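# Structure, please.
(one chain, ligands or ions: 1)
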Amino acid sequence: MLQSNQFVASLTKLRIMKRKTSSQPASSTPPSSPHQSPHFPVKLNSIFDSKKPKNILKNSPAITTKASGEWVPLSIGKSELYLPLTFPTGQTFRWKETGPLQYTGVIGPHLVSLKQLENGDVGYHFHHTECEESARLALFDFLNLGISLSEIWEEFKVSDLRFCELASYLEGARVLRQDPLECLIQFLCSSNNNIGRITKMVNFLSSLGKYLGNVGGYDFHEFPEINRLAMVSETELREAGFGYRAKYIIGTVEALQSKPSGGLQWLAALRKLNLEEAVDALASLPGVGPKVAACIALFSLDQHHAIPVDTHVWQIATQYLIPELSGTRFTPKLCSRVADAFVCKYGKYAGWAQTLLFIAELPSQKAILPSRFCDAEKVKPAKSKERKKGAHNARSRSNVATARQE
Ligand SMILES: Nc1nc2[nH]c(O)nc2c(=O)[nH]1
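Here you go, the predicted model:
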């Protein structure tokens, strides 16, 4: 059994390891058929006194034990990780649903499937890796398993009755710890875009990386290195449907290449900064506005109180956190008001609370939640112009992944 201190030490080692290249691509091993997702969802400090949640792997008994089938259990349970609320809900666009309650994706050079097992636990299976031990550590790191979701949520539930009720329907909506480069490029694609197009763009860029294998009819690739991304022209990106985002990808890749320490190192160093510094650094990159920066900070830079704010999050905030601003038109300047309200209410892990509230607003979840949770879309605009905009936003919720203010 891997002890938590060994785990943390190994993770630290792993985080400073350079990306390795791996050899043979995988054939489509596990139990999966081509399976298109029925969910097509989607789409800012001083009050930090809450204690650090426990490492949920501490008592995990089965990390290195093979499951009876081909799934190795993580031994964490649905309340820590529920895959359909974590993977297809706007944090990453690189994972595919490759079977019932099964998602497949690439972490560094490792191709892995995850499956929600019948007992609620999550099992994993590596299709392609050169080193099972680094693959496992990379997986635990990616899943942010050093943080107990249920422990964080217990605190949220005490301070917020509505959160408490929602949590009972949406348990296991975990925040991932993605590779910063992958996260940056994905969220550049996501700005003012819909899921279908974001996924196509992300697939296009991913396909430039080393091929790792096919699972469930989907091809999987390592994410391309910065120098490979730099070989793509703006014209190629435009032809691939990137629109105006093409110049942002090109500009950002160039900016990363020009960093004296190298783009990857520069991005990795953002994990050591405070939130404001990290967001300011990200915002120096072409195409990165406040919402994109907050998404990258939350989903890849350990900035657990980063709050992505768009019109939808504005609606939630004005309804439940800052009712005194209800009916006010949302402007980017108000982002920090919203972020402060979230941090005030939920503390150090406010971004994890925002994630649950964001997911609860996705059409795929609204369809399942009791109707009393559908209130945030009832906009209370003062002027008729506002009203029209509110109606448009509610309609476009299924399409728009990130805010228009970017
Ligand atoms: N948890 C969140 N995920 C997101 N994805 C996306 O595009 N926006 C958001 C967000 O605000 N929160």
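
# Centroid-nearest residue for this protein?
Q91 (2.4 Å; Cα atoms, centre = their mean).

# Just give the number of residues close to whichever residue of the stretch 101-250 of the chain sits closest to the ligand.
Taking Cβ to the nearest ligand atom, the ligand has its nearest neighbour within the stretch 101-250 of the chain at S190, 5.1 Å off. Quick note: C-beta positions are derived from backbone N, CA and C, even for glycine. When counting by other Cβ atoms under 10 Å, one arrives at 27 neighbours for S190.

# S258 too?
Neighbourhood size, S258 [other Cβ under 10 Å]: 10.

# got a list of what it touches?
If a contact means Cβ atoms under 8 Å, 6 or more residues apart in numbering, then S258 has no contacts.

# how close does it get to A230?
Separation of S258 from A230 (Cβ to Cβ, to the nearest Å) stands at 11 Å.

# ok, now D141?
Taken as Cβ to Cβ, the span from D141 to A230 is 27 Å.

# And the two? Which one has more around it.
Of the pair D141 and A230, D141 is the one with more neighbours under other Cβ under 10 Å, namely 22 against 15.

# Am I right that the more buried one is in contact with D179?
No: judged on Cβ atoms under 8 Å, D141 makes no contact with D179 at a distance of 9.8 Å.

# mind listing what's buried in stretch 283-296?
The neighbour-count check on stretch 283-296 (16 or more other Cβ atoms under 10 Å) flags 285, 287-296 as buried.

# From these, which land in helices?
Counting by DSSP state H, the buried residues of stretch 283-296 place 290-296 in helices.

# L117: which of these is nearest?
C295 (29.7 Å; Cβ to Cβ).

# can you list the ones in helices among the buried residues of stretch 283-296 in CSV and add pLDDT and distance to the ligand?
As requested, those are exported to CSV (pLDDT from 0 to 100; distance: Cβ to the nearest ligand atom, whole Å):
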residue, pLDDT, distance to the ligand
P290, 95, 11
K291, 96, 7
V292, 97, 9
A293, 98, 12
A294, 98, 7
C295, 98, 6
I296, 98, 11
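
# right, and the pair among the residues you listed with maximum separation?
Taking Cβ to Cβ, no two of these sit farther apart than P290 and I296, at 11.0 Å.

# ok, back up a step: got the phi and psi for the residue of the stretch 101-250 of the chain closest to the ligand?
The phi/psi pair for S190 (degrees, to the nearest 10) reads phi -80, psi -10.

# Distance check, it against V175.
Distance, S190 to V175, by Cβ to Cβ: 16 Å.

# need the helices for the stretch 201-350 of the chain, in chain order.
226-229, 234-239, 245-257, 263-269, 275-282, 290-300, 311-320, 335-346, 350-360 (DSSP state H, counting those that start in this stretch).
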